[in-house]
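*Asks:* I would like the atomic coordinates for the input below:
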Amino acid sequence: MEEGGETMSSFAVPLTRVIVLLSQGIGMHAGAITLTITPLLLTLAMILLIRAVYSHWSTDLPAYLAGVATWIVLCLWCSGETRIQLTDSIWLIALKCAVVFSLGFAWRALPGSALMDRGRLYCREHISQPVRSSIHVGVRLALRLLVIFLSIGLITVFVWICLDHSSMVTMFKTMHMNTGSRILMCIMALAWLPNMALWALSWVFGGGFHIGQAASYSLWSAQIHELPSLPIFALFPHPVDNAGIRTCLMLIPVMLGFVFGLLMLLLHRGFHVRGIDPNEPVDVRDLLLRFAYPAGAFCITATLVSLMSSLAFWLANGSLGVGRLRDVGVDVMRSTNVVARPCAIGLGISWISAIVIVAIHSLMLMMLKRRAANRTSLPLESADSPDDERKEHKTPHTPRVVNSTFTQKETKGDD
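*Replies:* Just a heads-up that it's a prediction; the model follows:
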């Protein structure tokens, strides 16, 4: 790049065509290099581009058919590059391009459409309001947890950059890369930033990731065997020696599930679970449903977190070659377990904790009501008893003596 040769210019158009296909999950093969790791940031940018284009156009069925056909033709034209071979067949390329286009089109067309209105009306007519509210809370909680998990992965990548940027600079110097090439390399690496964030998420929760058979990274160890000389690889982490820190990192999804689950149970925007009102009769069915709906919502949350994290980890994987670098990324099952299972455990603990809190709160209310009732009954009983005792002390009972002796009348002289 610094020399100003024609090598970069001659490959500009072929690279652009390949990157358009690579961002849609279509791998490339050039000599000894095989690249099938999808740059998820470019994929998201392409979906947003399609959505922005259709924000000014019609979103009916003919517009979709015309758009997807045009997009597939454009992608097939990009696949006609002879200098770089593609790893997928023509039919698979067309299918992947149609999926990406459909995601962008649906993101623009479905919100506020007549189809969504009919779906909402159907749900209101056939699904009760508590069930709909539980589904809404479960989906909303799952999305929040997924966003927080992705944010944790991004923060972890930034920590890696702050700790190991000196190693990357050293590798730049070893490869004799000047400033322009370094900037270009860093900009290109940003396209795979979401992939690295997902790998970092698996690493920070105890799952780890690997670069084929050349290297593997986890919280406990970092095994490197003839890793290729790519500057981005110099940022990968070292093992954490402190066992307490490792335990705290692995407990993050449990704590997040517990805190968010407890907030959803107790706050007004969630289920607002409260105890038994001592002034009203106890309805056993209502009491059971009061905790059954949150349990169903948490099951929906755990299922969505598991499915979405599995899909994200699968999309972040790929290959950098055909031998030792064939499988690059994370173990999907293991990474899903270290993310979704602790989160589900935290949600379950929050549900049990809410039951305990509500039971203690109800018991305290009942005790306070009983104590208040006793205090109001005692003055009524003691209001009459002191006066009666005073009367008994002032007027003691004395027995009545009846004299039955007969007294004769006085006799007078005129008798």
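*Asks:* thought L76 was touching R17, still the case?
*Replies:* No. Contact between R17 and L76 fails when scored by C-beta atoms under 8 Å: they sit 10.9 Å apart. (C-beta placed from N, C-alpha, C; glycine too.)
*Asks:* residues contacting M264?
*Replies:* For M264, the contacting residues are 137, 141, 270-271, 294, 297, by C-beta atoms under 8 Å, 6 or more residues apart in numbering.
*Asks:* comparing R17 and L76, which residue is more hemmed in?
*Replies:* Between R17 and L76, R17 has the larger neighbour count (other C-beta atoms under 10 Å), namely 20 against 14.
*Asks:* show me the helices in the stretch 101-250 of the chain, by range?
*Replies:* Counting by DSSP state H, counting those that start in this stretch, the stretch 101-250 of the chain has helices at residues 114-126, 129-174, 179-190, 193-204, 243-250.
*Asks:* ok, and which of these has the densest surroundings?
*Replies:* The highest mean neighbour count among these, using mean count of other C-beta atoms under 10 Å, belongs to helix 193-204: a mean of 25.
*Asks:* can you name every helix or strand that it contacts?
*Replies:* Applying 3 or more C-beta pairs under 8 Å, 6 or more residues apart in numbering; DSSP states H and E, we find helix 193-204 packed against helix 40-53, helix 129-174, strand 209-211, helix 284-316, helix 332-382.
*Asks:* take these and write them to CSV, including distance to M28 and mean pLDDT.
*Replies:* As requested, those are exported to CSV (distance: least, C-beta to C-beta, whole Å; pLDDT from 0 to 100):
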stretch, distance to M28, mean pLDDT
helix 40-53, 14, 92
helix 129-174, 24, 91
strand 209-211, 18, 90
helix 284-316, 17, 90
helix 332-382, 23, 82
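*Asks:* follow-up on the earlier one: format the contacts of M264 as CSV; extra columns: distance to H238.
*Replies:* As requested, these are arranged in CSV below (distance: C-beta to C-beta, whole Å):
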residue, distance to H238
V137, 41
L141, 34
G270, 41
F271, 44
P294, 42
A297, 40
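*Asks:* let me know the closest of those to M250.
*Replies:* Among these, L141 lies closest to M250 (C-beta to C-beta), at 21.4 Å.
*Asks:* wait, what's in contact with the closest residue to that closest one other than its chain neighbours?
*Replies:* Nearest non-adjacent residue to L141, counting by C-beta to C-beta, 6 or more residues apart in numbering: T301, 4.6 Å away. Counting by C-beta under 8 Å, 6+ apart, T301 touches 138-139, 141-142, 145, 347.
*Asks:* count of neighbours near S221?
*Replies:* Applying other C-beta under 10 Å, we find 10 residues neighbouring S221.
*Asks:* then L15?
*Replies:* By other C-beta under 10 Å, 16 other residues sit near L15.
*Asks:* residues contacting it?
*Replies:* So L15 contacts nothing (C-beta under 8 Å, 6+ apart).
*Asks:* count the neighbours of the residue nearest to M168 when sequence neighbours are not counted for me.
*Replies:* Among residues not flanking M168 along the chain, A234 sits closest, at 4.3 Å (C-beta to C-beta, 6+ apart). Residues lying near A234 (other C-beta under 10 Å) number 19.
*Asks:* let me know the pLDDT of A234.
*Replies:* Model confidence at A234, given as pLDDT, is 85.
*Asks:* before we move on, the earlier item: any idea which of the helices of the stretch 101-250 of the chain gets closest to F313?
*Replies:* Among these, helix 193-204 comes nearest to F313, with 5.9 Å by C-beta to C-beta.
*Asks:* quick one: which of the helices and strands packed on helix 193-204 is nearest G180?
*Replies:* Among these, the nearest to G180 by C-beta to C-beta is helix 129-174 (11.6 Å).
*Asks:* what helices or strands is that closest one leaning on?
*Replies:* Using 3+ C-beta pairs under 8 Å, 6+ apart, helix 129-174 sits against helix 193-204, helix 252-266, helix 284-316.
*Asks:* now tell me what touches the first one from outside.
*Replies:* Counting by C-beta under 8 Å, 6+ apart, the neighbours of helix 193-204 from elsewhere in the structure are 37-41, 44, 149-150, 152-154, 156-157, 160, 208-209, 217-219, 237, 249, 252, 312-313, 316, 329-330, 334-335, 338-339.
*Asks:* only the buried subset of those, as a ChimeraX command please.
*Replies:* A single ChimeraX command is used to select the members of the contacts of helix 193-204 judged buried by 16 or more other C-beta atoms under 10 Å:
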select :37,38,39,40,41,149,150,152,153,154,156,157,160,208,209,217,218,219,237,249,252,312,313,316,329,330,335,338,339
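*Asks:* check the gap between the residue nearest to M168 and S218 for me.
*Replies:* Distance from A234 to S218, counting by C-beta to C-beta, to the nearest Å: 18 Å.
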